[in-house]
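Student: build me a model:
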Amino acid sequence: MTAPGADFGAEANFAVLFATLRTAQLLSGERDRVNELVLRVKPGSGTLAKVRAELDRSLRAALSGIGFTFTTGSQEAARRLLYKDSEGDQQMMDIFAALLLGAAAFAAFNLISRTIEAQRREIGIGMALGVSPRALARRSLLLGGQVAALGIALGIPAGFAANTLVEVVMQSFFPLPVLKTPMQIGVFIQGAAHGVAVSLLATVIALRRALAVTPLEAISVGARAAKSSGLAWLTRGIRLPGGTLANMPLRNVLRTPRRTIMTVLGIGAVVAITLALAGVIDPFNTTLDTSRAEALAGARQRLTLDLTAPQPANSSALRAISTSPVIGNEQLSLRLPKTLSASGRRLDAFLEFVARDAAPLWHPTLSPGRLPDQRPGVVIAARAAQDLHVRIGDRLTVRYPVPTGPQSYQLASVTLPITGIHTSPLRFVAYANPPAATSLGLAGLVNRISVAPARRHHPNGMNHRRRGSSGAGGPTASVCVGKVARAGDRDRPLAAADPDKSLL
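Tutor: Numbers count the residues shown, from 1 in each chain. So this is what the prediction gives:
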């Protein structure tokens, strides 16, 4: 059962990711049966294609009437999602690292340049006494080296601490059986090298400016010693309230534009990092909020019940649910995993067949397009259309399982026209109309029920009532968090593949 809101993140989608083969067989009731074979092919040119061709011929001969697909390691959904997610995280971390390094560069440049300017008189006296520029520069270079060494001494332990925190988050976010996070020594060396280079570069730039003047200019101090007033001339004729003291800060900012720009850039980098970290989750939350709003469109208290297997629309299990006094309104649909393909591109998605009733409890929001009443049609997400390089009017190939026996299925394909684009941001969600279900041979089947509670019942109260209650005049309908099914009924309809078994 999915509470009011989007399917994504609902408790009904939680499942055990890893289990032994025997455990999976016992849980599914399929003793001594398998539905997946993993092979490791020896490396070599053309070996994978050769093995695939041989397996295709052998399986077609040995498993007549049973469908099968080949999936390489790089095409595995879990592997693809993990690697795509890690690549995106790495790009985000690189951006933050570049911003931090830029802020550190501006801060180091400001610190060292101010220090060297404070030593301007000593440098001028040394130049007048004939001390070589190399000897005069040694002190400032040592200062830059000390700043770099102190930054490395503080940065590396902070990096280790951050790695520990990130490792804990990764272990909780990705419940993998084996998760290795080896120490990236090269990354730390690279970061330390960048820190030293930034500090020394800032020292050299400020030092070159200090040594490029004559001893007399270096010894001269005070406001009259400056060659120019920078951009202070822009404030001529501008008088702020408060007299001279009120005008001094503005003129000081404009008198040294280089220092002002470096300070502004350093502060800007820190602010950019803060805003980026604060808003990094906003796109994810926006996607969830949009999908939740789409799922609740027209029915704020809509609940979704998923059956363990497709049932006829007039089955006793569905009648037991629909006749319950806590149900105010209902809508039947069929949702199954499909593969959508076009122009050599493919996308695994859930295709839900929804009826265009006169007053539906819920219906996908389409913009643009529509679901026709008489002819087959399918609507997909805008992102799915972009990835498949299709638009309204093009045709999609829908590949789906059809039963060939009590526990066997074969893959079939049907081409359907795209008649609309829905507004949900989730690209793996697609919708079709009843004529499309007829084209796929799935007419009259239901495995999903959208319900709204009666006015006198709260959704939580309905949850409580449905657990353990039975509909009058029909078999018991047991509803629990996760699935809805008839108690004691183990008969499987010969109509479509069980989505839970195919996902397992």
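Student: pLDDT on stretch 291-305, on average?
Tutor: The average pLDDT within stretch 291-305 is 75.
Student: endpoints of that stretch, how far apart?
Tutor: Using C-alpha to C-alpha, to the nearest Å, one end of stretch 291-305 lies 18 Å from the other.
Student: for the stretch 301-450 of the chain, what spans make up the helices?
Tutor: Using DSSP state H, counting those that start in this stretch, the helices found in the stretch 301-450 of the chain span residues 316-322, 382-388, 434-439.
Student: dump the ones you listed to a markdown table, plus distance to T308.
Tutor: Where C-beta positions appear, they are placed from N, C-alpha and C, glycine not excepted. Below are the helices of the stretch 301-450 of the chain laid out as a markdown table (distance: least, C-beta to C-beta, whole Å):
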| stretch | distance to T308 |
| --- | --- |
| helix 316-322 | 10 |
| helix 382-388 | 27 |
| helix 434-439 | 19 |
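Student: which one of the ones you listed lies nearest to E217?
Tutor: Of all these, it is helix 382-388 that lies closest to E217, at 62.9 Å by C-beta to C-beta.
Student: could you chop the chain up by domain?
Tutor: 77-227, 300-503 (automatic domain parsing).
Student: now the strands for the stretch 301-450 of the chain?
Tutor: Ranges of strands in the stretch 301-450 of the chain, per DSSP state E, counting those that start in this stretch, are 303-312, 327-342, 345-354, 366-369, 378-381, 395-405, 408-422, 429-432, 445-453.
Student: looking at those strands, which is closest to A192?
Tutor: A192 sits nearest to strand 345-354 of all these, at 44.1 Å, using C-beta to C-beta.
Student: now tell me what touches the closest one from outside.
Tutor: 77, 331, 333-341, 360, 362-364, 371, 378, 380, 384, 387-389, 398, 400, 427-434, 436-437, 442, 448, 499 (C-beta atoms under 8 Å, 6 or more residues apart in numbering).
Student: report the buried members of those.
Tutor: Among the contacts of strand 345-354, those that count as buried by neighbour count (16 or more other C-beta atoms under 10 Å) are 331, 333-341, 360, 362-364, 371, 378, 380, 384, 387-388, 398, 400, 427-434, 436-437, 442, 448, 499.
Student: nearest spatial neighbour of A381, chain-adjacent residues omitted?
Tutor: Nearest non-adjacent residue to A381, counting by C-beta to C-beta, 6 or more residues apart in numbering: R427, 4.5 Å away.
Student: ok, the one you found touching L340?
Tutor: No - using C-beta atoms under 8 Å, R427 is not in contact with L340, being 10.0 Å away.
Student: between the two, which contacts overlap?
Tutor: Joint contacts of R427 and L340 (C-beta under 8 Å, 6+ apart) are 347, 349, 380, 384.
Student: identify the farthest-apart pair in these.
Tutor: Taking C-beta to C-beta, the two most distant members of the shared contacts of R427 and L340 are L347 and I380; they sit 8.4 Å apart.
Student: what's the overlap in contacts for those two?
Tutor: Common contacts of L347 and I380 (C-beta under 8 Å, 6+ apart): 340, 388, 427.
Student: I'd say the first one and I380 touch.
Tutor: Yes - counting by C-beta under 8 Å, I380 is a contact partner of L340 at 7.1 Å.
Student: and the helix or strand where A61 lies, C-alpha only, in PDB?
Tutor: A61 is located in helix 47-62, with elements delineated by DSSP states H and E. This file holds the C-alpha atoms of helix 47-62, laid out as PDB (Å, rounded to 0.1, in the frame of the first residue of the first chain):
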ATOM      1  CA  THR A  47      34.600 -13.500 -27.300                       C
ATOM      2  CA  LEU A  48      31.500 -11.800 -25.800                       C
ATOM      3  CA  ALA A  49      29.700 -11.600 -29.200                       C
ATOM      4  CA  LYS A  50      30.500 -15.200 -30.000                       C
ATOM      5  CA  VAL A  51      29.300 -16.500 -26.600                       C
ATOM      6  CA  ARG A  52      26.100 -14.500 -27.000                       C
ATOM      7  CA  ALA A  53      25.400 -15.900 -30.400                       C
ATOM      8  CA  GLU A  54      26.000 -19.500 -29.200                       C
ATOM      9  CA  LEU A  55      23.800 -19.000 -26.200                       C
ATOM     10  CA  ASP A  56      21.100 -17.500 -28.300                       C
ATOM     11  CA  ARG A  57      21.000 -20.600 -30.500                       C
ATOM     12  CA  SER A  58      21.200 -23.000 -27.600                       C
ATOM     13  CA  LEU A  59      18.500 -21.300 -25.500                       C
ATOM     14  CA  ARG A  60      16.100 -21.100 -28.400                       C
ATOM     15  CA  ALA A  61      16.400 -24.800 -28.900                       C
ATOM     16  CA  ALA A  62      16.400 -25.900 -25.300                       C
END
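Student: show me the contacts for the residue nearest to A381.
Tutor: Contacts for R427 (C-beta under 8 Å, 6+ apart) come out as 347, 349, 380-381, 383-384, 387.
Student: which pLDDT value goes with the spatially closest residue to E352 that is not a sequence neighbour?
Tutor: Leaving aside its sequence neighbours, E352 sits nearest to R335 (C-beta to C-beta, 6+ apart; 4.1 Å). In this prediction, R335 carries a pLDDT score of 90.
Student: need the contact list for the residue nearest to T69 when sequence neighbours are not counted.
Tutor: Nearest non-adjacent residue to T69, counting by C-beta to C-beta, 6+ apart: L411, 7.1 Å away. Neighbouring residues of L411 by C-beta under 8 Å, 6+ apart: 67-69, 399-402.
Student: can I have the buried ones of those as a PyMOL selection?
Tutor: Command for PyMOL that selects the buried part of those, burial taken from 16+ other C-beta under 10 Å:
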select buried, resi 67+399+400+401+402
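Student: export the contacts of L411 to CSV and tack on pLDDT?
Tutor: Shown next, in CSV, are the contacts of L411 (pLDDT from 0 to 100):
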residue, pLDDT
G67, 81
F68, 84
T69, 83
R399, 90
Y400, 86
P401, 82
V402, 80
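Student: which one of the contacts of L411 is nearest P43?
Tutor: Checking the contacts of L411 against P43 with C-beta to C-beta, the nearest one is T69 at 23.2 Å.
Student: distance of the closest one from R258?
Tutor: According to C-beta to C-beta, to the nearest Å, T69 stands 64 Å off from R258.
Student: so which of the helices of the stretch 301-450 of the chain gets nearest L275?
Tutor: Nearest of these (C-beta to C-beta): helix 382-388, 25.9 Å.
Student: residues contacting N163?
Tutor: 181, 183.
Student: mind doing that once more with 10 Å?
Tutor: 181, 183-184, 187-188 (C-beta atoms under 10 Å, 6 or more residues apart in numbering).
Student: now swap in L211 and tell me
Tutor: So L211 contacts 116, 123, 127, 133-134, 136-137, 140, 218 (C-beta under 10 Å, 6+ apart).
Student: follow-up on the earlier one: quick one, phi psi at the residue nearest to A381?
Tutor: According to degrees, to the nearest 10, the main-chain angles of R427 amount to phi -80, psi -20.
Student: tell me the one of the shared contacts of L347 and I380 nearest R300?
Tutor: Looking across the shared contacts of L347 and I380 and measuring by C-beta to C-beta, the closest to R300 is R427, at 25.2 Å.
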